[in-house]
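> the sequence and its predicted three-dimensional model are supplied below.
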Amino acid sequence: MSDIIQLLPDSVANQIAAGEVIQRPASVIKELVENSIDAGATSIQVVCVDSGRTSIQVIDNGKGMSETDARLSFERHATSKIRKADDLFNLHTMGFRGEALASIAAVAQVTLKTRMADDDLGTQLSLAGSRFVSQEACSCAVGSNFLIENLFYNVPVRRKFLKSNATELNNIVTAFERIALVNPDVAFSLYNNDNELYNLKASGLRQRIVDVFGKKINPHLLPIDIDTTMCKLTGFIGKPESARRKGARQYFFVNGRYMKHPYFHKAVMTAYERLVPEGDQVPYFIYFTVKPEDIDVNIHPTKTEIKFENEPTIWQILAAAVKDAVGMFSDVTAIEFDTEGQPDIPALGTVDEVRAPKLQYNPSYNPFNEPQARRSAPSEWQTMFDGLETGSSRQRQTSLFDGGNDMILGSKANRNITDTMPDIPDLQPVAPAASVAPNPEPIPIASRMTATDEPSSPSSPIEDKSPVHYQYKGQYIMTAVKSGLMIIDQHRAHMRILYERYTEQINARKSATQKLMFPESVQFAQSEDVVMQQLLPDLKSAGFDMSELGGGVYSICGVPSGLDGLDYVSLVQDIVASATDNASSALDHATHTVALCLARSASVAYGQVLGNDEMENIVNDLFACSNFNYAPDGSKILSILKQTEIQRMLG
């Protein structure tokens with residue numbers, strides 16, 4: 001029997017490694033930029049063509065490589081960081097993994113130009129599909145210049161599964177932002193098809209956050225800074241009013257490495273309990289510094305999931321630090337002590353006792369004993385007393401009269417209005433109103449009206465032939481059907497109705513636009529702006545009147561009709577955030593994203609009281625939809641409690 005186990009050729013092994021390390025153009029940029037940072041670069045430039053599909057170029061001013069190192073860097077498991085196995089758990093740098101450059105060269109055409117400061121000439125190295133092509137001396141700047149062309153050219157299946165250029169660019173921007181946020185002392189620039197997306201100068205951390213996400217985030221940042229024997233925490237968290245339903249910027253970094261950590265995320269959000277609405281998220285940029293031996297960064301291929309040795313203790317430290325920052329820097333109405341240029345207000349002198357002011361009045365004053373000249377004109381009195389009733393049960397209302405230097409408050413209670421009527425010839429007393437029977441007959445049940453019934457003439461009984469619906473706890477519409485009791489979720493039902501209407505309007509481009517009296521502006525980070533560019537045509541078809549002002553800022557001049565009372569800026573942000581969170585599919589289904597967010601925002605809320613006619617309209621419109629069982633987000637709309645089940649419960 002022949003042997004069946006054999007060693008794979010290096011080219012095949014490198015492609016297998018590439019499938020783990022190089023998933024898309026953003027993966028190439030991440031590996032190369034982190035390598036530049038390890039090389040001590042203070043300026044890194046990333047240039048993409050067709051979102052990295054055609055080419056990716058990373059240029060840095062780091063220390064560069066020698067001729068020998070340049071050749072060895074493309075060998076599998078070649079690294080400058082690891083000498084023994086223990087070094088895996090004591091890493092202080094980022095850089096590419098041992099097979100990163102080899103993996104990139106296995107699925108692309110690579111050209112490297114590099115030179116060290118002590119060398120007069122640099123080295124140019126070319127590879128394609130793991131095959132060495134050439135190596136020669138060249139003239140180049142100090143540092144490294146990687147040019148990656150035709151990614152996955154020799155793996156057509158992988159290239160076929162790349163997403164649209166907009167989606168891939170969004171992934172590139174996301175990876176770029178994560179690296180830029182953790183290295184504020186490095187200048188970065190990013191270009192795509194000759195368009196400058198970022199040009200970040202070296203700065204402090206707060207300024208870097210503002211440069212990446214815009215000036216509007218600056219006033220919402222609260223600093224945290226705590227140093228313990230277990231770990232050091234620095235960074236910024238958002239004020240409670242910066243909370244958003246979707247799209248909040250949330251970043252954890254440990255020892256200069258981006259990470260995802262749901263356990264620590266819960267610690268942050270614990271500090272905002274009862275400060276933000278349930279489900280809302282606040283932005284945060286939190287940087288952990290721990291001993292390298294206390295974390296394991298190799299539990300996930302992308303190294304975004306990291307295991308901490310003392311997670312419960314760090315959880316407590318993080319929660320306490322965030323609570324302290326929110327409590328210390330929360331907005332409180334402050335006293336303005338800057339009195340320069342203000343009027344000089346004298347200080348209050350010493351007062352032995354503060355007494356309430358006394359009211360001066362004349363109890364014997366009668367305004368109707370004044371001379372005829374001071375009385376009001378007859379027409380005014382006629383207007384004042386027109387329609388008043390003088391029955392014994394009526395009391396004269398409290399009045400305020402101007403009695404020269406005296407003030408009269410109120411009048412004697414239970415006094416008949418005709419007793420104090422002035423002596424004016426043209427004024428006639430008002431006839432007493434007819435008395436009301438003390439025990440009126442009860443209204444028959446058949447003729448009682450609900451708050452939503454239409455009024456009818458007294459001579460005809462009220463007839464309502466429409467079905468009667470009941471609302472339970474402001475959330476469910478309950479109505480009797482042939483098979484039992486149907487229960488409908490009012491919010492989900494209305495969302496389904498509006499979703500189909502908005503979808504139809506967007507596809508037909510017939511949405512009506514309601515102009516805003518005062519246009520509003522909304523700003524997006526570069527990663528969100530990429531998505532916004534794709535959604536803008538559908539937003540306009542949905543009824544939004546928006547114009548681009550540059551720098552990720554858009555002006556909202558009009559909104560779809562029927563969205564009165566909503567926060568239009570937050571609505572647009574939620575639409576873009578939904579598309580960003582589901583970039584793999586949402587950009588290909590922008591109409592669905594826009595229609596869903598509009599429907600969710602405009603549909604009736606839980607707790608909103610509905611009349612019978614309103615519930616009837618929802619029920620009728622729901623069953624006219626193409627799918628009345630499920631909301632557009634997949635949640636169930638209705639359920640029927642069958643008659644047999646009701647009888648069994650009561651049996």
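Arrived safely.
> check which helix or strand covers Ala202.
Using DSSP states H and E, no element contains Ala202; it sits outside every helix and strand.
> so who does it touch?
When the contact criterion is CB atoms under 8 Å, 6 or more residues apart in numbering, the partners of Ala202 are 42, 184-187. Heads up, the C-betas are built off the backbone N, CA and C, glycines and all.
> okay, now the closest residue to Val282 other than its chain neighbours: neighbour count?
Distance criterion CB to CB, 6 or more residues apart in numbering; nearest residue to Val282, sequence neighbours excluded, is Gly238 at 4.2 Å. Number of residues near Gly238 (other CB atoms under 10 Å) recorded here: 24.
> next up, phi/psi of Gly238, please.
The phi/psi pair for Gly238 (degrees, to the nearest 10) reads phi -90, psi 150.
> in stretch 196-209, what's buried?
Going by neighbour count (16 or more other CB atoms under 10 Å), the buried part of stretch 196-209 is 197-198, 200, 205-206, 208-209.
> do stretch 557-575 as well
Neighbour-count burial for stretch 557-575 flags 558-560, 563, 568, 570-575 (criterion: 16+ other CB under 10 Å).
> so which one among those residues has the lowest pLDDT?
Lowest-confidence member of the buried residues of stretch 557-575: Leu563, scoring 72 (pLDDT).
> using the three-state scheme, assign it.
coil (DSSP: H, G, I helix; E, B strand; the rest coil).
> nearest residue to it other than its sequence neighbours?
Leu563's closest residue in space is Ala602 (CB to CB, 6+ apart), at 5.5 Å.
> you'd agree Gln124 is in a helix?
No - Gln124 is assigned strand when assessed by three-state DSSP, not a helix.
> isn't it right up against Ala137?
Yes - contact criterion CB atoms under 8 Å: Gln124 and Ala137 qualify, at 7.4 Å.
> of these two, who's got more company?
Neighbour count, other CB under 10 Å: between Gln124 and Ala137, Gln124 has more, with 19 against 13.
> ok, that one to Ala41 distance?
Computed with CB to CB, to the nearest Å, the distance linking Gln124 and Ala41 is 19 Å.
> picking up where we left off before, out of the buried residues of stretch 557-575, which is nearest to Lys113?
Nearest to Lys113, judged by CB to CB, of these is Gln573 at 42.7 Å.
> rewinding a little: which one (most neighbours) among the contacts of Ala202?
Val186 (22 neighbours).
> contacting residues for Leu200?
Counting by CB under 8 Å, 6+ apart, Leu200 makes contact with 180, 187-189, 208, 211-212.
> check those for burial and list the buried ones.
When these are checked for burial by 16+ other CB under 10 Å, the buried set is 180, 187-189, 208, 211-212.
> which one of these is nearest Tyr476?
Of all those, Val212 has the smallest distance to Tyr476: 44.8 Å, by CB to CB.
> just checking, that closest one touches Leu181?
Yes - Val212 is within contact range of Leu181, at 6.4 Å (criterion: CB under 8 Å).
> surely Gln534 forms part of a helix?
Yes - assessed with three-state DSSP, Gln534 lies in a helix.
> could you measure from it over to Asp574?
Taking CB to CB, one finds Gln534 at 16 Å from Asp574.
> then Phe264?
Applying CB to CB, the value for Phe264 to Asp574 is 25 Å.
> before we move on, back to that, could you dump the contacts of Ala202 to a markdown table with secondary structure, pLDDT and distance to Arg355?
As requested, those are exported to a markdown table (DSSP: H, G, I helix; E, B strand; the rest coil; pLDDT from 0 to 100; distance: CB to CB, whole Å):
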| residue | secondary structure | pLDDT | distance to Arg355 |
| --- | --- | --- | --- |
| Thr42 | coil | 95 | 73 |
| Pro184 | coil | 95 | 63 |
| Asp185 | coil | 95 | 67 |
| Val186 | coil | 96 | 70 |
| Ala187 | strand | 96 | 70 |
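> identify the farthest-apart pair in these.
Farthest pair in the contacts of Ala202, by CB to CB: Thr42 and Pro184, 11.7 Å.
> quick one: the helices in the stretch 451-600 of the chain, in order.
For the stretch 451-600 of the chain, the helices defined by DSSP state H, counting those that start in this stretch occupy 490-508, 526-541, 568-581, 583-586, 590-602.
> among those helices, which is nearest Val481?
Across the helices of the stretch 451-600 of the chain, Val481 has its closest neighbour in helix 490-508 (14.9 Å, CB to CB).
> rounded mean pLDDT for that closest one, please.
Mean predicted confidence for helix 490-508 is 88.
> list the buried residues in stretch 262-269.
264-265, 267-269.
> helices - which of the buried ones among the contacts of Leu200 land there?
Among the buried ones among the contacts of Leu200, the ones falling in helices (DSSP state H) are 180, 208, 211-212.
> got the residues you listed as CSV, with distance to Val530 and pLDDT columns?
Shown next, in CSV, are those (distance: CB to CB, whole Å; pLDDT from 0 to 100):
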residue, distance to Val530, pLDDT
Ala180, 16, 95
Arg208, 20, 95
Asp211, 17, 92
Val212, 14, 92
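> show me which pair in these is furthest apart.
Every pair of these checked by CB to CB; the farthest is Ala180 and Asp211, at 8.4 Å.
> residue ranges for the strands of the stretch 201-350 of the chain, please.
Secondary structure of the stretch 201-350 of the chain (DSSP state E, counting those that start in this stretch): strands at 221-227, 232-238, 250-254, 257-259, 284-289, 295-296, 307-308.
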